[in-house]
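[1] Next comes the sequence, and after it the predicted model I'd like to discuss.
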Amino acid sequence: MYPDNGSFNASCATETVQGAVSSDLINGELYWWVMSIILGLDILVAIIATGANIVTILIYYKLGYNDTTSISLTALAISDLGVAITTFICVLAFLLPLMPNSPFTYGMFYTSGSAPHTLFSRVSALITTYLSVERCVCVSIPLKVKSIFTPRRTVIAMVSIFVTLFGMYPLVILRFPVGWITFPHLNETVLGILPVTDYPTIVRYNIQANIVSVWIPFFTFPTMIVTTILLALALKKSKKWRDANKSMPLNLSTNKTAAKRDDGNDSSVSESTKATSKEARAVKMVIIITTVFILSIIPSCMHIVAQISFPDFRPGGRYSKLYVLTNMMFLIVDSVNCSANVIIYYNMSSRFRLAAQGLFRREAK
């Protein structure tokens, strides 16, 4: 749907590549050899991502949604699951040459696979941004964060992100309607994208495409970078504070402990220490999640810059083959990012780890 994403109009781009237009950089034989490897990796990583996110959703459902982080991470897992599933649909477009009598054309996979894939990717970006901003506010004004980010407001925010992004999908269908196309010279009728001449629809779609392709990535990308840096600084400051308390002279520590016991505050100090440690782990987990996501969207942002800088780097352009190859490689990056989160949760969250172990032990019986 939108030109920066790894799934962008794989269908139309492939038709162009198979046509007369050729790239000076990649010949036909090398193109299909490299594409075969990429498609295999796409399928493998998408399978892993699908399983990982289903497990994540089940575990957070089991843990409950009493805190905002669980709600946000569940929404992120649902979005990542959508990314993984639509990856399979995008890959199907490149398997059509193996089905010569198929009633489908490459174009129809644009509406059914490429566009939803892009929208799910943008949903994941916005949810990750929300997570990083929430945690940043938490370390900045910890006494007010629970009144700002409540579970109810988080649910509303997550639903709003999904509804807003996928509210754009009907315009995609209007701009690229799927229907039966007859080719008299071939004596066959196939499903494909029908031509649209309605100018207002085209203009609205182009505006929407710019929002999804350019403005959302270039809003979420710097926001995540800034919040991640702030979180890292806060984590470093918290670590120094804990290290300073650990290295406190023994007699001073003993005197303070005795005084606190006299006041009956020893248990509250212990509770405070545990809470600080728990908060530090939560901050660290969000930092890792956002860092992985930032690394995964850097290629897409570079792709946007390449399209702007080189007009022939597009479907139908001189470098169309390279364009399609890089797009399909980005599908791998997307799926790897979707798969990585479950590993992060397992290693960083003791609640998630215990629930996962319990889930798999139960399934093994």
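    Sure thing, it's come through. In this text, all values refer to a predicted model and were calculated from it rather than measured experimentally.

[2] what about the residue nearest the centre of the chain, distance to residue 93?
    Nearest to the centroid of the C-alpha atoms of the chain, with distances taken as C-alpha atoms, centre = their mean, sits residue 124, at 3.9 Å. Distance, residue 124 to residue 93, using C-beta to C-beta, to the nearest Å: 22 Å. (Each C-beta comes from the backbone N, C-alpha and C, glycine too.)

[3] Over to residue 165?
    Taking C-beta to C-beta, one finds residue 165 at 22 Å from residue 93.

[4] average model confidence for the helix ranked longest in the chain?
    Across the chain, the longest stretch assigned as helix under DSSP state H is helix 266-309. Helix 266-309 shows a mean pLDDT of 77.

[5] Report the inter-axis angle for the helix or strand following it versus helix 266-309.
    Where DSSP states H and E defines the elements, the next helix or strand beyond helix 266-309 is helix 320-348. Relative orientation of helix 320-348 versus helix 266-309 (axes from the mean of the first three to the mean of the last three C-alpha atoms, to 10 degrees): 180 degrees.

[6] packing partners for helix 320-348?
    When contacts are defined as 3 or more C-beta pairs under 8 Å, 6 or more residues apart in numbering; DSSP states H and E, helix 320-348 sits against helix 10-18, helix 28-63, helix 68-95, helix 115-140, helix 266-309, helix 350-364.

[7] circling back: more neighbours: residue 165 and residue 93, which one.
    In this view residue 165 and residue 93 are compared by other C-beta atoms under 10 Å, and residue 93 has more residues nearby, 26 against 21.

[8] what's residue 138 in contact with, if anything?
    145, 149, 279, 283 (C-beta atoms under 8 Å, 6 or more residues apart in numbering).

[9] cool, residue 204 as well?
    residue 171.

[10] May I see the buried residues of the host helix or strand of it?
    Using DSSP H and E, residue 204 sits within helix 199-210. Neighbour counts using 16 or more other C-beta atoms under 10 Å place 205, 208, 209 of helix 199-210 among the buried residues.

[11] Hmm, the second one is touching residue 170, no?
    Okay, so that is residue 208. No. Counting by C-beta atoms under 8 Å, residue 170 is not a contact partner of residue 208; they are 10.5 Å apart.

[12] The residue nearest to the centre of the chain and residue 86 touch, don't they?
    No. Contact criterion C-beta under 8 Å: residue 124 and residue 86 do not qualify, at 11.9 Å.

[13] Distance check, residue 304 against residue 327.
    12 Å.

[14] Just want to know which of those two has more residues nearby.
    residue 327 (24 against 17).

[15] name the helices or strands packed onto the host helix or strand of residue 229?
    Of the helices and strands defined by DSSP H and E, residue 229 is found in helix 216-246. Helices and strands touching helix 216-246, by 3+ C-beta pairs under 8 Å, 6+ apart, are helix 115-140, helix 266-309.

[16] switch to 10 Å and redo it
    Contact analysis of helix 216-246 by 3 or more C-beta pairs under 10 Å, 6 or more residues apart in numbering; DSSP states H and E lists helix 115-140, helix 250-262, helix 266-309 as its packing neighbours.

[17] ok, back up a step: mean pLDDT lowest where, among the helices and strands packed on helix 320-348?
    helix 10-18 (a mean of 42).

[18] which regions of the stretch 151-300 of the chain lie under the pLDDT threshold?
    239, 241-277 (pLDDT under 70).

[19] at 90 what do you get?
    For the stretch 151-300 of the chain, the stretches with pLDDT under 90 are 173-199, 209-210, 213-214, 217-218, 231-284, 286, 296-300.

[20] picking up where we left off before, quick check, the residue nearest to the centre of the chain in contact with residue 82.
    Yes. Residue 124 is within contact range of residue 82, at 8.5 Å (criterion: C-beta atoms under 10 Å).
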